[in-house]
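Engineer: have a look; sequence and predicted model below, questions after that.
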Amino acid sequence: AVYLGPLRVAREYSRHIGVLEHGFLSLRTFARRMGFANEFFSAIPYAHTTARRIFEAGHPKLPRYAMLGDIESWLMPTQGVQPPSELPEGYTVTLATPADAKELEGLLAASGSGWSYAPAMSAGQMADLLVKARGLTAFSDMLVLRHKGMIVGCVGVWDRRAQEQVRVESYSVGTALARMFLGVTSKNLGMLPSPGNTLELAYLPFFSVRHSHAKAGGILLRLASFHAGTLGARAGVICLSEQNSLGRELGLSGRASRIRIYRILFPGKGTVGES
């Protein structure tokens, strides 16, 4: 499968459907020449109603965006977070090694069963990721939560600031006022920069916890946030399927956004992702 990143169109051309038509035509031609897979997926923030309306409308000259489901994301403060002085009895948190790959594969498969967009990696892929963690990729570490020696939870720390940046253009009136009056005392607001500056983010992927150990998942996230803070990030981002109850069970606050996932169906026959 191929994931298409954020679509950007200059403001002066935003109402010209031909720009989008030719852009997707070029993408389809490029995909054919490069031998890409014919499964295309993309995401649109739920709040971007104009973009969702255009692509969900089924314009005959544009690909059709078939909705698959929603993902919710939360911002976790990293500055000033302290690791717990001790863990509940029987629990430990360590860095994952390639030797943990098989057990991690089983954890991701078991904890993600029954809901969409669960982390999914084979043992070989996980071992490869952990081998390269400190070298070829921006992936920093995988933390594993153990109970009596068995892995019952995991979360990654992925610092991609060298590859991508999120710049804040402006805030809503409510958020701007909250930053002005509460930003100093609120951890969630204090990590938001002034407009025009970048949001220093680290991603916290592969967050999975066996259901019977869900409460200990909060400790795991706290340690991951602390680790992200040592890398210089001011916030950690965790994304969960709307079907995943972990966010509610842990009482996560500071929801950042809701993102809708689509499969892209190109018009016509004999094309990638054809409808």
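Structural biologist: Structure received.

Engineer: which residues of the stretch 101-250 of the chain score low on pLDDT?
Structural biologist: Scanning the stretch 101-250 of the chain for pLDDT under 70 picks out 132-140, 161-199.

Engineer: hey, where'd the strands end up in it?
Structural biologist: Using DSSP state E, counting those that start in this stretch, the strands of the stretch 101-250 of the chain run over 139-147, 150-158, 166-167, 198-199, 201-203, 208-209, 235-241.

Engineer: mind putting those in CSV, mean neighbour count included?
Structural biologist: Heads up, the C-betas are built off the backbone N, CA and C, glycines and all. Output for these, formatted as CSV (neighbours: other C-beta atoms under 10 Å):
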stretch, mean neighbour count
strand 139-147, 21
strand 150-158, 22
strand 166-167, 12
strand 198-199, 16
strand 201-203, 23
strand 208-209, 24
strand 235-241, 22
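
Engineer: format these as JSON lines; extra columns: distance to residue 222.
Structural biologist: Output for those, formatted as JSON lines (distance: least, C-beta to C-beta, whole Å):
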{"stretch": "strand 139-147", "distance to residue 222": "10"}
{"stretch": "strand 150-158", "distance to residue 222": "10"}
{"stretch": "strand 166-167", "distance to residue 222": "23"}
{"stretch": "strand 198-199", "distance to residue 222": "20"}
{"stretch": "strand 201-203", "distance to residue 222": "14"}
{"stretch": "strand 208-209", "distance to residue 222": "13"}
{"stretch": "strand 235-241", "distance to residue 222": "10"}
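
Engineer: and those: which comes nearest residue 79?
Structural biologist: strand 235-241 (8.5 Å; C-beta to C-beta).

Engineer: can you name every helix or strand that that closest one contacts?
Structural biologist: On a contact count with 3 or more C-beta pairs under 8 Å, 6 or more residues apart in numbering; DSSP states H and E, strand 235-241 meets strand 64-77, strand 201-203, helix 217-230, helix 246-250.

Engineer: can you rerun that using 10 Å?
Structural biologist: Applying 3 or more C-beta pairs under 10 Å, 6 or more residues apart in numbering; DSSP states H and E, one finds that strand 235-241 makes contact with strand 64-77, strand 150-158, helix 187-190, strand 201-203, helix 217-230, helix 246-250, strand 255-265.

Engineer: so what are the sheet partners of that strand and their directions?
Structural biologist: strand 64-77 (antiparallel), strand 201-203 (parallel) (DSSP bridges).

Engineer: with only the CA atoms kept, save it in CSV.
Structural biologist: Once non-C-alpha atoms are left out, strand 235-241 reads as follows in CSV (Å, rounded to 0.1, in the frame of the first residue of the first chain):
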residue,chain,number,x,y,z
ALA,A,235,5.2,17.5,23.1
GLY,A,236,4.6,13.8,22.3
VAL,A,237,1.8,12.8,19.9
ILE,A,238,-0.1,9.6,20.4
CYS,A,239,-2.7,8.4,17.8
LEU,A,240,-5.4,5.8,18.4
SER,A,241,-8.3,4.5,16.4
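
Engineer: next, the angle helix 217-230 makes with that strand.
Structural biologist: Counting by axes from the mean of the first three to the mean of the last three C-alpha atoms, to 10 degrees, strand 235-241 lies at 140 degrees to helix 217-230.

Engineer: got the contact list for the most centrally placed residue in the chain?
Structural biologist: Geometric centre of the chain, nearest residue: residue 239, 4.6 Å, by C-alpha atoms, centre = their mean. If you count contacts by C-beta atoms under 10 Å, 6 or more residues apart in numbering, residue 239 has them with 71-74, 117, 119, 203-205, 207, 247, 256-257, 259.

Engineer: many thanks, have a good one.
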